[in-house]
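# with the input below, show me the fold.
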Amino acid sequence: MKYEESTTIELKSEVTADLKKEVIALANTDGGTIYIGIDNKGLAIGVSNLDEVMAQIGNMIRDGIKPDLTAYTSIEAVDEDGGVKIIRVTVLRGVKRPYHLTDKGLKPSGVFVRHGVSSVPATDEAIRQMLRESDGIAFDKSRCLNQELTFSYTEKYFADAGLPFTQQNRRTLKLIDADGYYTNAALLLSDQCEHSIKCAVYDGTGKTKFKARKEFFGSILKQMDEAYEYVNLSNNQNSTFDGLKRIDHPDYPLEAIREALLNAVIHRDYDYSGSIIINVYEDRIEFVSIGGLVKGITVIDIMNGVSQPRNSIIADVFYRLELIESYGTGIKKIFESYSGALRKPEIQPAPASFVITLPKITAYPGVISQEEQKQEILRLIADKGDVSRIDIESSLAISKQIALKLLNELLEERKIEKSGMAKAVRYFIR
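Modelled structure (predicted):
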C-alpha cells in the first residue's frame, strides 16, 4: 500500500520532536492520522523497537501537549505486507482547543493548525476564535492567551480586605480553570490587563475644548480606584446654611459616581478592545461602557433590580471584596442618590454601548437658584390650589427659614397671596 499526505494524513519515517506539532495541528483542526515508519515516497519501511517507540509517542503526547489529549488519541501497531510493522497515531478533533506545546503556551509559537499538507503556527486571531468556540461566549470564563500573569495590585487589595489570594483561592474564584489555566477573569485582575479606562474633562457642555485627559492601566481594580479619584477632582463641594449650620453638598453624589463606575467595569463587554470612557462636562458626567444590555434584559428590568452579569466571575470577585452588596442594586442606588433633585440620571442603552449620565445636582437648598426654587413653589401651588409653608418645606426639602424667605419674595413680587393667621396661613396664586 502506498500512503499520501493530505489535510488529515501526516507521514513520518521516524519519531522526532516535530511529532507533537503534528498532533496539535490535527487536534486543533479536523483530526486525522499520523503514520510512522513511512518514507518520503509513501512506502512502508517499518519501525524498529516498536514498543519503545510507541511508549515514547505516548509520553510526548502526555507531557508535551496541553490540555490533556490522551483521551483523543490512540497509538497502535499496524502490520504491512512483508511483515513490516508501522505505527498509526489517530488524533480526534479536541473539545478544549486550542491545544499547544506545554513549554510554549497559548502563542503562535506553541499553537498549530493544519493547512493543506502542512502544520503551521496559528495566528493570534485563530487562537482567540478557538478559545471562543471551545469555552463559549463568556469572556471572563475563557482561557487567557497570556499565562504569565502577576497580581501585585490585586494581592494587596485582597490583603487589605482581609481575604487570601492563594493558588487555591484563585481556583475557587475561577481565575484558574479545571485544567490549570488562567482565565480571562484573571487577566482583568492582573497587572497585565490589556484594557483601560479613559477620562476626559471638557470646558463647557460640549466636546470642543479639552481641559484635561488621562488613561488608566493595570488591574481593573487599580483602574477603578484611580479613575474614581480622578473624576472626584471635578466634583466640587458647595456650602449652604440652615440657620447657623453649614452643610456641604457635592456637585455629584459620591455613591452615584461609585456605582456608575462599578457598573461600567463589571458589565462591559471585554471581547472588544476599546476602553471605558468617562466624559466630565460642566453640567454632567457620562460613563460609556462597551457592550449593550445582555440579551433578554431591558431598561425596565434593570430599574426593577433584575441583573444578569455579563462577567459573572468578575461580579463574584467584586461581591467577595464587598465592592457590591448584591447583584442588581447599583442602578437603583444611583437614582436613589438623586432623590429630591430636579434632574435625574439618564440611561441610554445601544446595541454596542451602555451610557449612564449623571447630571450636576441643582436641587439642594442654596445650590438651586432662588428663581428655580420659586418656580417650583408656583408649580406646586398651581397643582394643589393652595398650600401651607410646611407643604413647601416638605416638597422642596428646605428649611423653615428658606421657605419663609422664598414665600415672602413671591408675596412682594405680587405672584402669590396668603390668607389666614399663624399656623393656618395658606398661600395661593394671585
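# which stretches in the stretch 151-300 of the chain count as helices?
Counting by DSSP state H, counting those that start in this stretch, residue ranges of the helices within the stretch 151-300 of the chain are 152-160, 167-172, 184-189, 220-232, 254-267, 299-303.
# where does the stretch 301-430 of the chain dip in pLDDT?
Flagging of the stretch 301-430 of the chain using pLDDT under 70 yields the residue ranges 326-328, 362-369.
# which of the helices of the stretch 151-300 of the chain is buried the deepest?
helix 184-189 (a mean of 28; mean count of other Cβ atoms under 10 Å). Placement of C-beta: from N, CA and C, glycine included.
# so which elements touch it?
Judged by 3 or more Cβ pairs under 8 Å, 6 or more residues apart in numbering; DSSP states H and E, helix 184-189 is in contact with helix 220-232, helix 312-320.
# any idea which of the helices of the stretch 151-300 of the chain scores lowest on pLDDT?
Ranked by mean pLDDT, the helices of the stretch 151-300 of the chain bottom out at helix 299-303, which scores a mean of 79.
# now do the contacts for the closest residue to K415 other than its chain neighbours.
Leaving aside its chain neighbours, K415 sits nearest to R430 (5.9 Å; criterion: Cβ to Cβ, 6 or more residues apart in numbering). By Cβ atoms under 8 Å, 6 or more residues apart in numbering, the contact list for R430 reads 414-417.
# how much space between R430 and I381?
Going from R430 to I381 by Cβ to Cβ, to the nearest Å gives 10 Å.
# repeat that for R414.
Distance, R414 to I381, by Cβ to Cβ: 14 Å.
# the two: who's more crowded?
Between R414 and I381, I381 has the larger neighbour count (other Cβ atoms under 10 Å), namely 21 against 8.
# find the helix or strand that the more buried one is a member of.
I381 is located in helix 370-384, with elements delineated by DSSP states H and E.
# could you say what helices and strands that helix packs with?
Secondary-structure packing of helix 370-384 (3+ Cβ pairs under 8 Å, 6+ apart): helix 389-396, helix 400-412, strand 416-419, strand 426-429.
# now the angle from the second one to helix 389-396?
Relative orientation of helix 400-412 with respect to helix 389-396: 110 degrees, computed using axes from the mean of the first three to the mean of the last three Cα atoms, to 10 degrees.
# could you list the buried residues of helix 400-412?
Neighbour counts using 16 or more other Cβ atoms under 10 Å place 402-403, 406-407, 409-410 of helix 400-412 among the buried residues.
# which elements pack onto it?
Packed against helix 400-412 by the contact rule (3+ Cβ pairs under 8 Å, 6+ apart) you find helix 370-384, helix 389-396, strand 416-419.
# make CSV out of these and add distance to K141.
Putting the helices and strands packed on helix 400-412 into CSV (distance: least, Cβ to Cβ, whole Å) gives the following:
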stretch, distance to K141
helix 370-384, 50
helix 389-396, 50
strand 416-419, 63
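# out of the ones you listed, flag the one nearest I347.
Taking Cβ to Cβ, helix 370-384 is the member of the helices and strands packed on helix 400-412 nearest to I347, at 24.5 Å.
# packing partners for the host helix or strand of I356?
Element membership for I356, per DSSP H and E: strand 353-359. In this structure, strand 353-359 packs against helix 254-267, strand 284-290, helix 330-336, strand 346-350, with contacts taken as 3+ Cβ pairs under 8 Å, 6+ apart.
# tell me the buried residues in the shortest one?
Going back to what we said before, that points to strand 346-350. Neighbour-count burial for strand 346-350, with 16+ other Cβ under 10 Å as criterion, is recorded at 347, 349.
# before we move on, the earlier item: compare the contacts of R430 and tell me which is most surrounded.
I416 (20 neighbours).
# find the nearest non-adjacent residue to it, please.
Leaving out its chain neighbours, the residue that sits closest to I416 by Cβ to Cβ, 6+ apart is L410, at 4.6 Å.
# for the one you found, what are its contacts?
Taking Cβ under 8 Å, 6+ apart, we find L410 in contact with 374, 377-378, 416, 427.
# just the buried residues of those.
Buried members of the contacts of L410, counted by 16+ other Cβ under 10 Å: 374, 377, 416, 427.
# nearest to P164 among the residues you listed?
Closest to P164 out of the buried ones among the contacts of L410 is I377 (57.5 Å), distances taken as Cβ to Cβ.
# for I334, see how far away that closest one is.
Look at I377 and I334: by Cβ to Cβ, they are 28 Å apart.
# re earlier: with just CA atoms, put the helix holding I381 into CSV.
Taking Å, rounded to 0.1, in the frame of the first residue of the first chain, the C-alpha atoms of helix 370-384 are listed here in CSV:
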residue,chain,number,x,y,z
GLN,A,370,-33.7,81.1,44.1
GLU,A,371,-35.6,81.7,40.8
GLU,A,372,-35.8,77.9,40.2
GLN,A,373,-37.0,77.3,43.7
LYS,A,374,-39.7,80.0,43.4
GLN,A,375,-40.8,78.4,40.1
GLU,A,376,-41.1,75.1,41.9
ILE,A,377,-43.3,76.7,44.6
LEU,A,378,-45.5,78.3,41.9
ARG,A,379,-45.9,74.9,40.2
LEU,A,380,-46.8,73.3,43.5
ILE,A,381,-49.4,75.9,44.3
ALA,A,382,-50.9,75.6,40.8
ASP,A,383,-51.2,71.8,41.2
LYS,A,384,-52.7,71.9,44.7
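# buried sites along it?
If you call a residue buried by 16+ other Cβ under 10 Å, then helix 370-384 has these buried ones: 373-374, 376-377, 380-381.
# TSV for those residues, including distance to L262?
Output for those, formatted as TSV (distance: Cβ to Cβ, whole Å):
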residue	distance to L262
Q373	33
K374	38
E376	32
I377	37
L380	36
I381	41
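# which one, of the helices and strands packed on helix 400-412, ends up nearest to F158?
Once those are compared by Cβ to Cβ, helix 389-396 is nearest, at 45.6 Å.
# give me the buried positions along that closest one.
Under the neighbour-count criterion of 16+ other Cβ under 10 Å, helix 389-396 has 389, 391-393, 395-396 buried.
# circling back: the helix holding I381: how far from the chain's middle?
44 Å (Cα atoms, centre = their mean, to the nearest Å).
# in contact with the closest residue to F151 other than its chain neighbours, which residues?
The shortest distance from F151 to any non-neighbouring residue, by Cβ to Cβ, 6+ apart, is to S190 (5.5 Å). Listed by Cβ under 8 Å, 6+ apart, the contact set of S190 reads 149-151, 154, 182, 219.
# and Y182, how many neighbours?
Using other Cβ under 10 Å, Y182 has 21 neighbouring residues.
# now P345
By other Cβ under 10 Å, the residues close to P345 number 22.
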